[in-house]
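**Student:** Quick one, what's the 3D model for this:
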Amino acid sequence: GVFTGSTRVGNCTTPNATTRQSTCGIYGTIAPSTNTRIEFNGITNPTTPSSGYTLTVATSSDPAPTSSQSYTVVPANTLTNLVATPGSSARSATTQYVISFATSPTGGLSNAGQSTIDVTFPAGTTFTNFGGASVYTGNTRVGNCTTPNATTRQSTCGIYGTIGPSTNTRIELNGVTNPSSPGSYQVTVATSSDTTPITSIPYGIAVDTQPPQTSLASGPPSTTTDAQPAFTFTSSEPGSTFECSLDGAPFTACTSPFVAPPLAAGTHTFRVRARDAAGNTDATPAGQTFTVAAPAPSTPPASPPPAPKAGKTVVVSEVGGTVRVRRKGSKAFVPLDADAGIPLGSTVDTRHGKVELTSQQKKGGAVQSATFYAGIFRVTQRGRTVNLKLTQKLARCDTGKAGAARKKKRKTRKRRLWGNGKGRFRTQGKHSAATVVGTKWLVQDSCAGTLTKVARGVLSVRDFARHKTVRVRAGKRYLAKPRR
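**Tutor:** Predicted structure coming up:
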């Protein structure tokens, strides 16, 4: 604009890029012999330092061009003390970045000069959750910054106040997401006054070096007759994988539960270790040493083995461990008597053992057998199908003081049953039932619902809440959720 004193009396055009000439129009009055001032904003100095620069001015009343006194353009300086500090150094964390620096002795910035600051982040940094950015000198906010470009990772900050030369300046950028790869990183900053980009002191994105801790949740008793004992285990870090070893063999990938291959009679050692997503492996594997007892000498049966009767009794024989039975009409569990059938409606406890259950599909018809373990179930039969319903009492799925009191009573929050075999068998949880088509499978109740997991073969799962039947194949699982 054109001014006489504090009064604005005219405006000027943008200078021509070739002639570098701007023409100012007067909408007020400038009297003869009057001091006049023209203010141009956003002019870029020449790139070559010199003390001999001048400009020329002429008016329509004083048409002879007149040169100004010489002015000096000094060599460009650079920013100093550039430091980038992320609020969190975790990989892929979304956090605040604080970038601080000092302007050079010639690096003043202002709104009138249309000054800017460019901040460029390193590769791998993303801005999906970007929450804005501001420029400060001390506690005074003097500018705002744009959302960084996703490709160039550059944010441009505009100045609406003033930043003096040799002034400590701070930029706060919110919602910046760290690179996903650990390592050392730097940001780059330049301003419209200190135009040479400089890089910050390196900052680090943390590397996970802490190994997970492995815990053995369950295993066989110290002495067992089960030549294929099962083990369950957990890791202190979610998402970990596991490796197992038997009797000093090399560790190989495994999952929980792990069922050992057939073992000879004698002492054995099982070990398991967790490996987290960063590749850290537990150096102190969890383990258990146990003894598989030699099988008792076989003796001729005093009487023929019991036979199942369709719709009346089934035959339950102990494969390994300890099994108890509460016969229909009784209130107490007693050790399993494999020499006698048990009536339908009886309850079988296989939490510490494994049984083979044999039933007759129809009167005079063929028999069918399957192995079950790791749960408590009641046996019934409808038509040709034998139904095994999970009956272990569960803690209520509520919260608050009542929920905490119930937890202290140590009621289980999960119940399960593993099955392995062929025939018309149906395992029933609280929210679904799984019908066998020849398979190895698990049914488990928890607060989340009834989980069916198939290790081999195919199952038909009836979801009680959704009133539909789902086919579940080997390696897959299905969760029937509670009614809401």
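
**Student:** tell me how far stretch 182-190 is from the chain's mean position?
**Tutor:** 25 Å (Cα atoms, centre = their mean, to the nearest Å).

**Student:** Kindly apply the preceding question to stretch 14-25 instead.
**Tutor:** Mean-position distance between stretch 14-25 and its chain equals 59 Å (Cα atoms, centre = their mean).

**Student:** Please identify the buried residues of that stretch?
**Tutor:** residue 24 (16 or more other Cβ atoms under 10 Å). Where C-beta positions appear, they are placed from N, C-alpha and C, glycine not excepted.

**Student:** quick one: low-confidence ranges for the stretch 1-150 of the chain?
**Tutor:** Applying pLDDT under 70 to the stretch 1-150 of the chain flags no residue at all.

**Student:** Strands of that one, residue ranges please.
**Tutor:** 2-4, 7-12, 24-26, 37-38, 50-53, 56-57, 66-67, 71-73, 80-86, 94-102, 109-110, 116-120, 133-137, 140-145 (DSSP state E, counting those that start in this stretch).

**Student:** got TSV for the ones you listed, with distance to residue 336 too?
**Tutor:** TSV is the format used below for the strands of the stretch 1-150 of the chain (distance: least, Cβ to Cβ, whole Å):
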stretch	distance to residue 336
strand 2-4	106
strand 7-12	103
strand 24-26	107
strand 37-38	106
strand 50-53	104
strand 56-57	112
strand 66-67	114
strand 71-73	100
strand 80-86	63
strand 94-102	58
strand 109-110	86
strand 116-120	74
strand 133-137	71
strand 140-145	74
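
**Student:** just those: most buried one?
**Tutor:** Ranked by mean neighbour count, the strands of the stretch 1-150 of the chain are led by strand 109-110 with a mean of 23 (mean count of other Cβ atoms under 10 Å).

**Student:** So which elements touch it?
**Tutor:** For strand 109-110, the packing partners by 3 or more Cβ pairs under 8 Å, 6 or more residues apart in numbering; DSSP states H and E come out as strand 162-163.

**Student:** Would you mind checking the average pLDDT for the strand it packs on?
**Tutor:** Strand 162-163 shows a mean pLDDT of 96 in the predicted model.

**Student:** Now do the helix or strand just after it against strand 80-86, angle only.
**Tutor:** Following strand 162-163 in sequence order, the next helix or strand is strand 168-177 (DSSP states H and E). Relative orientation of strand 168-177 and strand 80-86, computed by axes from the mean of the first three to the mean of the last three Cα atoms, to 10 degrees: 30 degrees.

**Student:** Only C-alpha atoms, please: export strand 168-177 in CSV.
**Tutor:** Extracted C-alpha coordinates of strand 168-177, given in CSV (Å, rounded to 0.1, in the frame of the first residue of the first chain):
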residue,chain,number,x,y,z
ASN,A,168,13.7,-19.7,20.0
THR,A,169,10.7,-21.1,18.3
ARG,A,170,8.5,-24.2,18.9
ILE,A,171,6.1,-26.1,16.7
GLU,A,172,3.6,-28.6,18.4
LEU,A,173,2.1,-31.1,16.0
ASN,A,174,-0.7,-33.4,17.3
GLY,A,175,-1.8,-36.8,16.1
VAL,A,176,1.4,-37.8,14.2
THR,A,177,1.8,-41.6,13.9
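
**Student:** what's the very next helix or strand once past it packed up against?
**Tutor:** Counting by DSSP H and E, the next helix or strand C-terminal to strand 168-177 is strand 183-185. Packing partners of strand 183-185 (3+ Cβ pairs under 8 Å, 6+ apart): strand 203-205.

**Student:** which parts of the strand it packs on are buried?
**Tutor:** Buried residues in strand 203-205, counted by 16+ other Cβ under 10 Å: 203, 205.

**Student:** ok, back up a step: how about the strands of the stretch 1-150 of the chain, which one is nearest residue 381?
**Tutor:** strand 94-102 (57.6 Å; Cβ to Cβ).

**Student:** which helices and strands does that closest one pack with?
**Tutor:** strand 80-86, strand 168-177.

**Student:** now those in a markdown table, with distance to residue 250?
**Tutor:** Shown next, in a markdown table, are these (distance: least, Cβ to Cβ, whole Å):
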| stretch | distance to residue 250 |
| --- | --- |
| strand 80-86 | 41 |
| strand 168-177 | 40 |
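
**Student:** Among those strands, which comes closest to residue 362?
**Tutor:** Here strand 168-177 is closest among those (Cβ to Cβ), at 64.7 Å.

**Student:** How far off centre is that closest one?
**Tutor:** For strand 168-177, the distance to the chain centre is 26 Å (Cα atoms, centre = their mean).

**Student:** Mind giving me the packing neighbours of that strand?
**Tutor:** Applying 3+ Cβ pairs under 8 Å, 6+ apart, one finds that strand 168-177 contacts strand 94-102, strand 116-120, strand 133-137.

**Student:** Can you check which of those gets nearest to residue 248?
**Tutor:** Among the helices and strands packed on strand 168-177, strand 94-102 sits nearest to residue 248 (Cβ to Cβ), with 46.0 Å.

**Student:** Could I have the CA atoms of the closest one written out in CSV?
**Tutor:** This file holds the C-alpha atoms of strand 94-102, laid out as CSV (Å, rounded to 0.1, in the frame of the first residue of the first chain):
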residue,chain,number,x,y,z
THR,A,94,0.0,-41.8,17.5
THR,A,95,1.5,-39.0,19.6
GLN,A,96,2.5,-35.3,19.8
TYR,A,97,5.7,-34.1,18.2
VAL,A,98,7.4,-31.0,19.6
ILE,A,99,10.0,-29.4,17.2
SER,A,100,12.1,-26.6,18.5
PHE,A,101,14.8,-24.4,16.8
ALA,A,102,16.3,-20.9,16.8
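
**Student:** Can you pull out the low-pLDDT segments for the stretch 151-300 of the chain?
**Tutor:** 207, 300.

**Student:** could you redo the last one with a cut-off of 80?
**Tutor:** 206-209, 277-278, 296-300 (pLDDT under 80).

**Student:** What of the stretch 351-484 of the chain?
**Tutor:** In the stretch 351-484 of the chain (pLDDT under 80), the answer is 395, 397-413, 436-438, 484.

**Student:** Do you have the helices of it handy? List them.
**Tutor:** 400-408 (DSSP state H, counting those that start in this stretch).

**Student:** Which stretches in it count as strands?
**Tutor:** 367-373, 376-382, 385-390, 414-421, 425-428, 432-446, 449-463, 468-473, 477-480.

**Student:** Please report how far the residue lying closest to residue 162 once chain neighbours are set aside lies from residue 141.
**Tutor:** Of all residues not flanking residue 162 in the chain, residue 110 sits nearest, at 4.7 Å (Cβ to Cβ, 6 or more residues apart in numbering). Going from residue 110 to residue 141 by Cβ to Cβ, to the nearest Å gives 15 Å.
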